[in-house]
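Enquirer: Mind folding the following:
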Amino acid sequence: SGLRELLIGENPLDIGRLWDKMYRGTMYFGRTSVTISAMAAIDMALWDLKGKHFGEPIHRLLGGKRHDAIRSYASILFGDDGQETADIGRRWVEAGYTAVKFGWEPMGESEAVDIDLVRGAREGLGDATLLVDAGCVWDARTALRRAHAFAEFNIEWLEEPLQQADVDGYVWLRDRSPVPIASGEGECGSEAFRPFIDRHALDVYQVDLSRNGFTQAAYVRDRVQEIGARLCNHCYTSPLTVAASLHWLSTCRDAFLFEDCVEETPMRTQLTIEPMQGVDGWISVPNAPGLGVTLNEDLVSETKVAESR
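Expert: Predicted coordinates for the structure are as follows:
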């Protein structure tokens, strides 16, 4: 209950000062991991409260949105092989998406498997934008070899080809890769992002609001825009993170894609009363006060009961 004890009795509108108080009060608990994620959850709640207090959406408090809607990409896992992946791609193109990202297993099993998956993805998508998430499976030299192989299929980016903390590897790979390199979803807070930004290690910096909160995500936005790189959100199952990501990404100058998880789980589709999903390949930015979404309290209660058993 350390964060709780730091915040009880404070003015919740003093968000920047409270972030600094939490940061100093937990300085021995880790600066780039679970403590920052816990602080990020509080930070998101404080920004939601502040928006509702002033009757304004969070994007206005962050400096103002630059986009009313953002092109969304369907984010989904690879199939078992290239043919199944092609079928999955066709499904989401038919659903109206003009961009699809495939990720994780079985990528990494072998070069033949990797190329078969990406070839199948391109076959299923036709001319739609293809993004590939490797899921942290290679060393830098293998990743470079795959980047050259995947360039034939005109991929928009190669995501997390290396282990998340391998800054040196990402610098080396980005300087040589024929395709853009994306990463950042696992980074928690400014200290985690700083070495990647300082060394221009990535082409696309993917920020997860649930691991950073609005206060730290605003720092990352400003730093990445300074170096001329691109920003994208990361979020998979929570519509609360979708809403937060929309507020943040809409304030980014060159926002060009939005990660839109299409897994049909109750947590993804029912946690908020308002649907937080792309329509015809675009997703709209909420304009109601705060986060602009309403929790489905029934689902929250049911989930708590199930977890307590």
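Enquirer: Determine the longest helix present in the protein.
Expert: Secondary structure of the chain per DSSP state H: the longest helix is helix 34-54.
Enquirer: right, and the helix or strand after the longest strand anywhere in the chain?
Expert: For the chain, the strand with the greatest residue count under DSSP state E is strand 69-77. Remark: after strand 69-77, the chain's next helix or strand is helix 82-94, criterion DSSP states H and E.
Enquirer: which residues are contacting that next one?
Expert: 74, 76, 78-79, 100, 102, 116-121, 123-126, 128, 262 (Cβ atoms under 8 Å, 6 or more residues apart in numbering). Using the backbone N, CA and C atoms, a C-beta is placed for each residue, glycine as well.
Enquirer: what residues does the longest helix of the chain touch?
Expert: With Cβ under 8 Å, 6+ apart, helix 34-54 has contacts from 3, 7, 12-13, 15, 18-19, 22-23, 26, 29-30, 57-58, 60-61, 188-189, 192, 209-216, 240, 244, 289-291.
Enquirer: Just the buried ones among those, please.
Expert: Neighbour counting with 16 or more other Cβ atoms under 10 Å marks 3, 15, 18-19, 22-23, 26, 57-58, 60-61, 188-189, 192, 209-216, 240, 244, 289-291 as buried within those.
Enquirer: hang on, the earlier thing: keeping just the C-alphas, turn the longest strand of the chain into CSV.
Expert: C-alpha atoms of strand 69-77 as CSV (Å, rounded to 0.1, in the frame of the first residue of the first chain):
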residue,chain,number,x,y,z
ALA,A,69,-9.8,9.6,-36.0
ILE,A,70,-6.7,7.4,-36.7
ARG,A,71,-6.3,4.7,-39.2
SER,A,72,-6.4,1.4,-37.2
TYR,A,73,-4.7,-1.8,-37.9
ALA,A,74,-6.2,-5.2,-36.9
SER,A,75,-3.8,-6.8,-34.4
ILE,A,76,-3.9,-10.6,-34.4
LEU,A,77,-1.7,-13.6,-34.0
